[in-house]
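The following block contains a protein sequence and its predicted model.
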Amino acid sequence: MKERYAVAIDGPAGAGKSSLAKAAARELGILYVDTGAIYRTVACYMLDHGAEEPAAVETLLPQVQIGLRHGEDGLQRMALNGEDVTERIRLPEVSMAASRVSAIPAVRQFLLEMQRRLAREQSVIMDGRDIGTVVLPAADVKIFLTASPEERARRRWRELEERGTPQPYEAVLAEVERRDKSDRERPIAPLRPAEDAILLDTTALDYAQSLQRLLEIVRGGL
């Protein structure tokens, strides 16, 4: 296995990228970077300031200070201008705002170097929507992690129930489908597999099976 390496994991919302990548990083002893959480943190700021149009978002970007640290449990904690927003960024309204914000070229450029710097400094598993295609095109291993929209909606529905913020399953499924469409059709860095990515469909796999397969792919590619 290489001394320093990068693993890029892309895929749609609810595919299990964050939980699986975090567990894999812990198993491999490397850094996990949830880029979606970084975009969600920017979205929080824009929601607070009523900025929806690209021009307004771009104007406010210099005021955004993002902090990223990992707790003893491996959880990536996000700070926005000194305030911990780790829990807030998972709210449904932030999810939708993040999809809009991430389609703005100025936002992507604003965060690109931050993400690349992390990969230059240490071995990482980084997940998002365009890691293998844009952020880390030279990653040592690229994986496109997916599952059916219905299965991803079920997972998200259970997650919201456990967090005490329940939503009807039909509403969650509709949000998943809207998010998929938005991510696929955005003009900048649309969601798609890198040409050399390995497809991992977890629709019929449980968590343990998905993690085992993910680790097999990573180790087999190094």
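Yes, it's here.

Tell me which helix or strand in this structure has the weakest average pLDDT.
Scoring the helices and strands of the chain by mean pLDDT, DSSP states H and E places strand 66-70 at the bottom, with a mean of 86.

Off-centre distance for that strand?
The chain centroid and the centroid of strand 66-70 are separated by 15 Å, computed with C-alpha atoms, centre = their mean, to the nearest Å.

Quick check: which helices or strands does it pack against?
Secondary-structure packing of strand 66-70 (3 or more C-beta pairs under 8 Å, 6 or more residues apart in numbering; DSSP states H and E): strand 31-34, helix 35-48, strand 76-80. Where you see a C-beta, it was placed from the backbone N, CA and C, and this is true even at glycine.

I9 - that's part of a strand, no?
Yes - counting by DSSP: H, G, I helix; E, B strand; the rest coil, I9 falls inside a strand.

Could you report the pLDDT at D34?
If you check D34, the pLDDT there is 88.

just D73 next, same as before
66.

Check A106 too.
We have a pLDDT of 94 for A106.

in the strand or helix carrying it, what counts as buried?
A106 is part of helix 105-121, with elements assigned from DSSP states H and E. Residues of helix 105-121 classed as buried: 107-108, 110-111, 115, 118-119 (neighbour count, 16 or more other C-beta atoms under 10 Å).

Next: stretch 122-131.
So stretch 122-131, judged by 16+ other C-beta under 10 Å, has buried residues 123-131.

Which two of the residues you listed have the greatest separation?
Spanning the widest gap among these are S123 and R129, at 21.5 Å by C-beta to C-beta.

how about the helices in the chain?
For the chain, the helices defined by DSSP state H occupy 17-28, 35-48, 54-60, 92-101, 105-121, 149-162, 169-185, 207-220.

still on that earlier bit, filter the buried residues of stretch 122-131 down to just the ones in strands.
Residues of these located in strands (DSSP state E): 124-128.

now, which of these sits nearest P166?
Here the nearest of those to P166, counting by C-beta to C-beta, is D127; it sits at 25.6 Å.

ok, back up a step: so which of the helices of the chain comes closest to A197?
Proximity to A197 (C-beta to C-beta) singles out helix 207-220 among those, at 10.0 Å.

Excluding its own residues, what touches the closest one? List them.
1, 7, 9, 16, 19-21, 23-24, 27-28, 125, 141, 143, 145, 198, 200, 202, 205 (C-beta atoms under 8 Å, 6 or more residues apart in numbering).

how big is the angle separating it from strand 124-128?
When axes from the mean of the first three to the mean of the last three C-alpha atoms, to 10 degrees is applied, the directions of helix 207-220 and strand 124-128 differ by 120 degrees.

Extract the CA atoms of helix 207-220 and return them as PDB.
The C-alpha coordinates for helix 207-220 follow below in PDB (Å, rounded to 0.1, in the frame of the first residue of the first chain):
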ATOM      1  CA  TYR A 207     -24.100  -1.700   5.900                       C
ATOM      2  CA  ALA A 208     -21.500  -4.400   6.800                       C
ATOM      3  CA  GLN A 209     -21.500  -5.800   3.200                       C
ATOM      4  CA  SER A 210     -21.200  -2.400   1.700                       C
ATOM      5  CA  LEU A 211     -18.200  -1.500   3.900                       C
ATOM      6  CA  GLN A 212     -16.500  -4.800   3.200                       C
ATOM      7  CA  ARG A 213     -16.900  -4.300  -0.600                       C
ATOM      8  CA  LEU A 214     -15.700  -0.700  -0.300                       C
ATOM      9  CA  LEU A 215     -12.500  -1.700   1.500                       C
ATOM     10  CA  GLU A 216     -11.900  -4.500  -1.000                       C
ATOM     11  CA  ILE A 217     -12.000  -2.000  -3.800                       C
ATOM     12  CA  VAL A 218      -9.700   0.500  -2.100                       C
ATOM     13  CA  ARG A 219      -7.100  -2.100  -1.100                       C
ATOM     14  CA  GLY A 220      -7.300  -3.700  -4.500                       C
END
